[in-house]
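A.B. asks: Show me the folded form of this:
(one chain, ligands or ions: 1)
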Amino acid sequence: MAVQQCKKSKQRVRQRKAQIRYRGLEATTCRNCGAPCLDHRICTACGYYDGKQVLQIKDKAAKA
Ligand SMILES: [Zn+2]
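C.D. replies: Residues are numbered from 1 along each chain as shown. As a prediction, the model looks like this:
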């Protein structure tokens, strides 16, 4: 059985655990158009996912 060499204090454990908390959604850039978008989601600016056109995005100028 593994035996720990010395007891970690509550402070040390809590400082380590504080690093692995949820930090909210992190935006990345689209590889097709470079716009900020979320990982594992279709780019809302150009409609590309994994290098392929998945959605047809209408122009904002056409909507207005
Ligand atoms: Zn894009």
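A.B. asks: mind listing what the nearest residue to residue 54 once chain neighbours are set aside touches?
C.D. replies: Of all residues not flanking residue 54 in the chain, residue 42 sits nearest, at 5.3 Å (Cβ to Cβ, 6 or more residues apart in numbering). (Each C-beta comes from the backbone N, C-alpha and C, glycine too.) Counting by Cβ atoms under 8 Å, 6 or more residues apart in numbering, residue 42 touches 48, 49, 54, 55.
A.B. asks: can you list the residues you listed in CSV and add distance to residue 6 and neighbour count?
C.D. replies: Listed next are these as CSV, based on distance: Cβ to Cβ, whole Å; neighbours: other Cβ atoms under 10 Å:
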residue, distance to residue 6, neighbour count
48, 52, 18
49, 49, 17
54, 54, 12
55, 56, 12
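A.B. asks: What residues does the most centrally placed residue in the chain make contact with?
C.D. replies: Nearest to the mean C-alpha position of the chain, by Cα atoms, centre = their mean, lies residue 26 at 3.8 Å. Residue 26 sits next to residue 39 when contact means Cβ under 8 Å, 6+ apart.
A.B. asks: gap between it and the ion?
C.D. replies: 17 Å (Cβ to the ion, to the nearest Å).
A.B. asks: same question, residue 2
C.D. replies: 48 Å.
A.B. asks: what's the answer for residue 42, then?
C.D. replies: 9 Å.
A.B. asks: Find the residue closest to residue 25 in space, skipping its chain neighbours.
C.D. replies: residue 38 (6.0 Å).
A.B. asks: give the contact list for the one you found.
C.D. replies: For residue 38, the contact set (Cβ under 8 Å, 6+ apart) comprises 25, 27, 28.
A.B. asks: Strands of the chain, residue ranges please.
C.D. replies: 27-29, 36-38, 48-49, 52-53 (DSSP state E).
A.B. asks: Close to the ion: what parts of this structure are there?
C.D. replies: 30, 32, 33, 35, 43, 45, 46 (Cβ under 5 Å from the ion).
A.B. asks: which residues of this protein score low on pLDDT?
C.D. replies: The chain contains residues with pLDDT under 70 at 60-64.
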